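In: using only what follows, build the 3D model:
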Amino acid sequence: MKIVVVGGTGLIGSKVIGKLKAGRHEAVVAAPSTGVNTLTGEGLSEVLMGASAVIDVSNSPSFEEKAVMAFFQTSTRNLLSKEAEAGVRHHVALSVVGTERLQASPYMRAKLAQERLIKESGIAYSIVHATQFFEFVKSIADAATVGNQVHVPPAFIQPMAAEDVASAVAKVAVGSPLNGMLEVAGPERFRFDEFIRRGLRAHNDSREVVVDQNTPYFGAKLSELTLIASGEASIGEMRFDNWLSMATAAR
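Out: Next up is the predicted model:
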């Protein structure tokens, strides 16, 4: 089966490519570096020729309100249009657990707009909603840093390894379209401050983590369970301590 992975050079995309190839599928990377640009449409018709499925794990280079909305709407419209012309039978997109609950965030509004375009396209689809990635613990902390303090909301978080995200996306792509959404999440639930504190400690980072009920998460105020997956979510295998040990050893 030929499967095109849009954003196939990124963190999740590169792992998805590896998993698809291990399953003996023809996995094709679609990215600007391979001559495919979903914003301009360059190379889309050629790369989609003969594809049975498309996986979109691309992301906006900017989270600024107008730029992020323009990216996801333009990219998704171009991709879906060319998929229809090529006869692609399954569109798979990676999104975020809690998207519909985080509409104060410009990024999440753009992701929800992307999901609506997919649902209205007429192409069979599957949308994978994933929780936050272990790999982003430091960047999340950096975005919430004021001086030497990291301000985080009093909420729960259920993060997961990028490896498990990629496994879920690849598995969905080779199956029948869901014409709906699948949630995937990590095996453990943490308080937000605990997750950040443990991640920083593993990096020998001395910043103080402060719980602040007025702190938004990328522009949106969280309730305790905003970032938590439902009880029907598919649960990843990798635990945070194991991931930290592997990441520390790799460094």
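In: just the helices from the stretch 1-150 of the chain, written as ranges.
Out: Assigned by DSSP state H, counting those that start in this stretch, the helices in the stretch 1-150 of the chain fall at 11-22, 44-48, 65-86, 106-119, 137-143.
In: what's the closest of these to residue 202?
Out: Proximity to residue 202 (CB to CB) singles out helix 137-143 among these, at 8.4 Å. Using the backbone N, CA and C atoms, a C-beta is placed for each residue, glycine as well.
In: how about that closest one: buried residues?
Out: 137, 140, 141 (16 or more other CB atoms under 10 Å).
In: stretch 203-217 too?
Out: 207, 209, 215, 217.
In: closest one to residue 91 out of the buried residues of helix 137-143, please.
Out: Using CB to CB, the buried residues of helix 137-143 come closest to residue 91 at residue 140, 28.8 Å.
In: helices of the stretch 151-251 of the chain, residue ranges please.
Out: Under DSSP H, counting those that start in this stretch, the stretch 151-251 of the chain gives helices at 162-173, 192-202, 240-250.
In: turn these into JSON lines, including distance to residue 28.
Out: Formatted as JSON lines, those follow (distance: least, CB to CB, whole Å):
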{"stretch": "helix 162-173", "distance to residue 28": "12"}
{"stretch": "helix 192-202", "distance to residue 28": "34"}
{"stretch": "helix 240-250", "distance to residue 28": "28"}
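In: please work out which of those helices is packed deepest.
Out: Ranked by mean neighbour count, the helices of the stretch 151-251 of the chain are led by helix 162-173 with a mean of 23 (mean count of other CB atoms under 10 Å).
In: partners of the residue nearest to residue 195 when sequence neighbours are not counted in the sheet?
Out: Nearest residue to residue 195, sequence neighbours excluded (CB to CB, 6 or more residues apart in numbering): residue 157, at 5.2 Å. Under DSSP bridges, the beta-bridge partners of residue 157 are residue 190.
In: what number of residues lie near residue 157?
Out: Applying other CB atoms under 10 Å, we find 26 residues neighbouring residue 157.
In: tell me the contacts of it?
Out: When contacts are counted by CB atoms under 8 Å, 6 or more residues apart in numbering, residue 157 touches 131, 132, 189, 190, 191, 192, 195, 227, 228.
In: equivalent analysis for residue 31, please.
Out: Going by CB under 8 Å, 6+ apart, residue 31 touches 6, 7, 8, 9, 10, 13, 58.
In: what's near enough to touch the closest residue to residue 166 other than its chain neighbours?
Out: Of all residues not flanking residue 166 in the chain, residue 15 sits nearest, at 3.5 Å (CB to CB, 6+ apart). Residue 15 makes contacts with 162, 163, 165, 166, as judged by CB under 8 Å, 6+ apart.
In: 7 Å instead, please
Out: With contact taken as CB atoms under 7 Å, 6 or more residues apart in numbering, residue 15 is in contact with 162, 163, 166.
In: shouldn't residue 53 be in contact with residue 87?
Out: No - applying CB atoms under 7 Å as the test, residue 53 and residue 87 come out as separate, 11.4 Å apart.
In: not counting sequence-adjacent ones, nearest residue to residue 2?
Out: Once flanking residues are discounted, residue 2 sits nearest to residue 26: 4.3 Å by CB to CB, 6+ apart.
In: separation between the one you found and residue 88?
Out: 14 Å (CB to CB, to the nearest Å).
In: so the two - more neighbours on which side?
Out: residue 88 (23 against 13).
In: phi, psi for the more buried one please.
Out: As for residue 88, its main-chain torsions (degrees, to the nearest 10) stand at phi -60, psi 140.
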